[in-house]
Every structure is written in C-alpha cells, then in structure tokens.
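> Here is the input, now give the coordinates:
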Amino acid sequence: MSRHERLTPDSTKLDDPTAEAPRKGSRKKVIFGLVGLIALGVGGWQGTQYWTAGRFMETTDDAYVAADVTLVSSRVQGYVATVSVGSNDHVSAGDILVRLDDGDYRNALATSQSRFATAGDTLARIDAQIAAARAGVAQAEAARDTADAQLRTARTNADRTEKLASNKVTSQAALDTATEDLDVARAGLASAEAAIASAEAQVAVLQAERAESEGQRRELGIAVDQARRDLDLTVLRAPADGIVANMTLEVGDMVAPGARLAALIPDGSLFVEANLKETQMAGVGPGALVEMSFDALPGQTFEGRVDSVAPATGAVFSLLPADNATGNFTKIIQRIPIRISLPEAALATGQLRAGLSTEISIDTRTTPTPGTATVAALSE
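Just a heads-up that it's a prediction; the model follows:
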C-alpha cells in the first residue's frame, strides 16, 4: 500500500458520511420531543380551560351597543322660527330645541280668553235677573197677603150682611154688594197666588239658564287651557339630558304634528344587545356575568350583567315574519335578543356610541337559579 493510500484517523472522520448521523438523529428527537411536550402542554391547558370555564361560556359577535332613543316631534303644526341646537350638541332637560311661529296660537288664546270673559259677564247678568225675579216673588207674596186680608174682610162683611138681611134689618141690595165684594176678594187671592207661581217659575228658568251658561263657561275655560297649551307646545324642549342627533330642521320649514324632527340619546341609556342562537340559551338568564369587548376600545375588556331576555325571537317582530305553514320549510336556527347592562368603566370612556360592534361571552355558571333569586329577594 502506498503512502497516499494510508488512512489516518482524521482523514477517516472526514471521509465517512455517516459519522455525524447519530448526533443529528438525536437532535431531531429532542426537538420533536420538545414540540410534542409543548403541544401536549398547550392542549392540556386548553382542555383544562375548556373543562373548567370554556364549556360554560356562550360567546357571540352578533352584539351591538344600543340606546333608548327618544324621538323628538311636534304636537302642533307651524313654521320653524328658530333652531337653538344642532346635531351632536349636548342638552339638558328643559333646554329649548326649536321654536315654531306662534302668532296663530297667540290669537287663538286671546279669542278663547275673550269668550271666557264674555261668559263671565253673561253669568253676572243672569245672577242679576235671578235677584230681580226673586224680588218679584217677594212682591207677589206681599200682594197675596193683601188679597188674603181683603178676602177675610169681605167674608166678614158678607156674613154680617147676610144676618142683617135675614132679620130684615138691611136691604137685599146691601147683601148682593157684600157677596160681590167677597167674590172679588177670592179672585184677587187666586190672582196673587198665580203671580207667585209665575215669579217662582221665572226664577227656575233663570237658574236653568245660569247652569247652562256655567257649563258653557267651563267649556270655554277648557278651551283657554287648550289654547295656552298649544301655545306652549310651539316651543320644543329636550325631554331629558342627552345628545341631540339627526337634527335636520331649518328655519322656515313646515312642521306637521307627529313628524320626526330629531333624536335624543339620553345620558346613561347605552346598553348592549346581543343575539344568541337558540342552541346557546341553556343556562342564560338575567343576572349572569358577561365579559365584553368593543372594536372601538381595542385591548380592553369589561364586565357587565344580563339585564333581561326577550320574550320572543327577532323573527317574530320582523316586518314580514316567516310563514312556516307552507309546503316548503327549511329549519333555520333562530336568535333571541339579550339585553346587557354596561359597566360604569365602559361608559366613562366616552367612546361608546349606539351601533358599535361588540363581542360578548356569558358565563352561564353565574346565572342565578330561581331559588337563589327568591332567597336574595327575601333577604333584601
């Protein structure tokens, strides 16, 4: 063997391709083992999380920030005179939003007040007539007393003359005169009593007229109140503290009763409305804790509570509800609206607006049971 063909230990290691194979194989085993352990650990952690918490969480991204929107409308008709606020302005309860032209309503109020005053004058006149009629009754009663006295005198004279005539002391002519005077006195008494009845009837008629006029006066008083109310309604005020939205009025616009003029989002009226599938409703009820996050507040989570559960699915209240009593039917999983209260921390950010997207997770373990709710209510 020549000198060039001899193998040295170092040259053997360099020329043998399988010399590093054991080391490379062992490294791969270690790496795969570590990866397997990590995967096993992650899977175990996720499994533990699911078993201890995840299986009790009902999650959906079909949730949005909502608000109790107050629609501002007018109850009277008129032209817009002034607009005091604009969209996105914050107002307090009672602040003036819009003024309508009130000329016609002022005239209507003045007319009603004038008619009401005239009705008062009419009542005063009728009261005076009633007083005069009652005086007439008193006068008629006095005339009756006079006629009654005259009748007694005539009867006494007639009786005396009749006795004298029977004893031939006086003439028949004197008896006839006494009898005639008695008849005249009787007629005078009857006339006086008829005059009393007439005067009393006149008083009753006037009292009836007064009652009728009093009723008309009350109606006119109501008309005055209504005219004053209509005049006050020409000023549109904020019903609550909040932010004005969708204000589209301009000076000179014609406003019709009931037409939507603007919207008001009251302070503190925001809440979250989530739509859960019917398959997620088991264990969900008022009082359950809710973890929520908002796209407008990235990286932040907040905790709220379920306020209430809708009594029906959203499809029931839709404009055109599905008619499942047809020949063609496809089952579709329905969704039930859930109302969730917002925590003060979320409201304090000032970034939440109605309509913003939300993701929620409801912990069904925290839903109070009926027995627990009853005990809590009794303890309170």
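
> hey, where'd the strands end up in the stretch 201-350 of the chain?
Listed in chain order, the strands of the stretch 201-350 of the chain (DSSP state E, counting those that start in this stretch) span 235-237, 242-245, 254-255, 260-266, 270-277, 289-294, 297-309, 335-341.

> Packing partners of the first one?
For strand 235-237, the helices and strands in contact under the criterion 3 or more C-beta pairs under 8 Å, 6 or more residues apart in numbering; DSSP states H and E are strand 96-100. Just so you know, the C-beta spots here come from the backbone N, C-alpha and C atoms, and that holds for glycine as well.

> The strand it packs on pairs with which strands, parallel or anti?
strand 78-83 (antiparallel), strand 235-237 (antiparallel) (DSSP bridges).

> still on that earlier bit, now the strands of the stretch 201-350 of the chain in JSON lines, with mean neighbour count, mean pLDDT and distance to residue 322?
Shown next, in JSON lines, are the strands of the stretch 201-350 of the chain (neighbours: other C-beta atoms under 10 Å; pLDDT from 0 to 100; distance: least, C-beta to C-beta, whole Å):
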{"stretch": "strand 235-237", "mean neighbour count": "18", "mean pLDDT": "94", "distance to residue 322": "40"}
{"stretch": "strand 242-245", "mean neighbour count": "19", "mean pLDDT": "92", "distance to residue 322": "33"}
{"stretch": "strand 254-255", "mean neighbour count": "16", "mean pLDDT": "92", "distance to residue 322": "39"}
{"stretch": "strand 260-266", "mean neighbour count": "19", "mean pLDDT": "91", "distance to residue 322": "29"}
{"stretch": "strand 270-277", "mean neighbour count": "20", "mean pLDDT": "93", "distance to residue 322": "16"}
{"stretch": "strand 289-294", "mean neighbour count": "20", "mean pLDDT": "93", "distance to residue 322": "29"}
{"stretch": "strand 297-309", "mean neighbour count": "14", "mean pLDDT": "92", "distance to residue 322": "21"}
{"stretch": "strand 335-341", "mean neighbour count": "19", "mean pLDDT": "93", "distance to residue 322": "13"}
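
> can you redo the strands paired with strand 96-100 as TSV with distance to residue 63?
As requested, these are exported to TSV (distance: least, C-beta to C-beta, whole Å):
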stretch	distance to residue 63
strand 78-83	36
strand 235-237	34
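
> Compare these and report which one is nearest to residue 252.
Closest to residue 252 of the strands paired with strand 96-100 is strand 78-83 (C-beta to C-beta; 6.2 Å).

> re the thing from before, distance to residue 348 for the strands of the stretch 201-350 of the chain - can I get that in CSV?
CSV is the format used below for the strands of the stretch 201-350 of the chain (distance: least, C-beta to C-beta, whole Å):
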stretch, distance to residue 348
strand 235-237, 28
strand 242-245, 16
strand 254-255, 37
strand 260-266, 16
strand 270-277, 12
strand 289-294, 13
strand 297-309, 10
strand 335-341, 14
